[in-house]
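In: how does the following fold in three dimensions:
(chains A and B)
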Amino acid sequence: MSKVNITIDGQQYQVPAGEKLLWAALDCGVYIPHLCANKDKERPDASCRLCFVEIEGFSNPVTSCTQEVFEGMVVRTRTPQVDRLVQTAFELLLSNHKLRCGKCPQNRQCELQKIARERKLKLKLTRLRPLLTEEKPVDDSTDVFIYDPNRCVLCGQCIWVDHKIVEVGAIGFINRGFKRKMGTFGDVPLAESRCTQCGECVKVCPVGALVFKEKTE
Amino acid sequence: MELLPGELEQIKAETAEILQQHGTERQELIPIIQEIQERLGYLPKPAMEQVARALDIPEVDVYSVATFYNQFRLNPPGKHQIKVCMGTACHMMGGHIVMDSFERRLEIKEGETTPDREFSLERVACVGCCALAPVVLVDEKVEAKVSPIRVDGILLTFEIEKSEQEKVEEKEQQEGGVEE
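Out: Have a look, this model is predicted:
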């Protein structure tokens, strides 16, 4: 496979041609925050808005999950503009996220905590008002795991696994706006749906929205 | 929502007919469900399952699209349609209080239909007469400056209308019986 030379934050790297910048950077050991990205997706969602970088010759920061690498690409992962965009996207995610990390079963394994640590962002709201005034009901109908929509970041990883890997087709995004959540056909509890309770979706959840029951006890 | 007797057959027949006129590519999904709603007045669950099977996609994907767009309704329209305005002016004048009163009185949530299919409750953005806020559209009639007391009044009018109609029908039946 042909390689191209790119520069990330002043360091030179050789990466496979045609790869998306996000994966190239991660393989080189450069961390770029990301939640919705999935290497096997044909078309990236680019919906979490966390993987912004600046590329020389581009007028605006771009999402690295959609940008292919090219020869002589010069990338900067930390500029005031990028940091500002990431900070805002992160705060918006937190604004309807149930934050009490100490009580969360994913504490210390959470992707949000990792992003906060890497980018020195606060895991609390300063600029924005919390949106999560009314908590949505938790679905604990299955024997194996629970789904807490209040901790969901709507990254869509669970839905992708459900549709493309295990091919069950039990879950999808339902509703719109603030009411949007992962749900089943007719919004019935997971145990009453087609869900086979294989638990594959739980394994890919980056936050504490889908967790195995044994972990919550 | 419980289906009426014979409704399931009608849903199946109509959906099958619509599906015949369309391809099975994914981009056909929205035109198909739009047509179903046009013919049946809403998107029944059996119809969505039928569409999912025809397009070979999970049912939840059809449900996902149907719940995303405001255009689609999942409950049948009631005999009387109540639309509570939630525009800026009506919101400020307590539109949500009116909505709450309807929800309590009819024992349904916004977007639902009463089990007897007598009333359906909806929220609308603006009906264009903000000076009369908060406004409720009952069928096509505009109710101005609605208060929770007026909500009771509106529903009482329908109740009286219904019982009177029943009386008339009873009378007609009795008279018809005499003639025979």
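
In: count the neighbours of the residue in chain A positioned nearest to chain B for me.
Out: Chain A approaches chain B most closely through A:Gly169 (2.7 Å), counting by C-beta to the nearest C-beta. Bear in mind the C-beta positions are built from the backbone N, C-alpha and C, glycine included. Using other C-beta atoms under 10 Å in any protein chain shown, the number of residues around A:Gly169 comes to 20.

In: correct me if wrong: it contacts B:Val60.
Out: Yes: here A:Gly169 reaches B:Val60: they are 6.3 Å apart, a contact under C-beta atoms under 8 Å.

In: who touches A:Gln11 in this structure?
Out: A:Cys28, A:Val30 (C-beta atoms under 8 Å, 6 or more residues apart in numbering or on different chains).

In: actually, B:Phe68.
Out: Per C-beta under 8 Å, 6+ apart, neighbours of B:Phe68: A:Phe173, A:Asn175, A:Arg176.

In: I figured B:Arg26 hits B:Pro58, correct?
Out: No: the criterion here is C-beta under 8 Å, and B:Arg26 misses it with B:Pro58 at 11.6 Å.

In: what domains does the record give for chain A?
Out: Following automatic domain parsing, one finds the domains of chain A at A:1-132, A:134-217.

In: looking at those, which is buried most?
Out: domain A:134-217 (a mean of 18; mean count of other C-beta atoms under 10 Å in any protein chain shown).

In: how about the contacts made by A:Leu21?
Out: A:Ile6, A:Val53, A:Ser64, A:Cys65, A:Gln67, A:Glu68, A:Val69, A:Met73, A:Val75.

In: please report phi then psi for it.
Out: Dihedral pair for A:Leu21: phi -60, psi -40, per degrees, to the nearest 10.

In: residues touching the residue lying closest to it once chain neighbours are set aside, list them.
Out: Leaving aside its sequence neighbours, A:Leu21 sits nearest to A:Ser64 (C-beta to C-beta, 6 or more residues apart in numbering or on different chains; 4.1 Å). By C-beta under 8 Å, 6+ apart, the contact list for A:Ser64 reads A:Lys20, A:Leu21, A:Leu22, A:Ala25, A:Ile32, A:His34, A:Cys51, A:Phe52, A:Val53, A:Val75.

In: dump the domains of chain A to CSV, plus mean pLDDT.
Out: Listed next are those as CSV, based on pLDDT from 0 to 100:
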stretch, mean pLDDT
domain A:1-132, 92
domain A:134-217, 93
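
In: B:Ile32: which of those domains is closest?
Out: domain A:134-217 (16.6 Å; C-beta to C-beta).

In: chain center to the closest one: distance?
Out: 15 Å (C-alpha atoms, centre = their mean, to the nearest Å).
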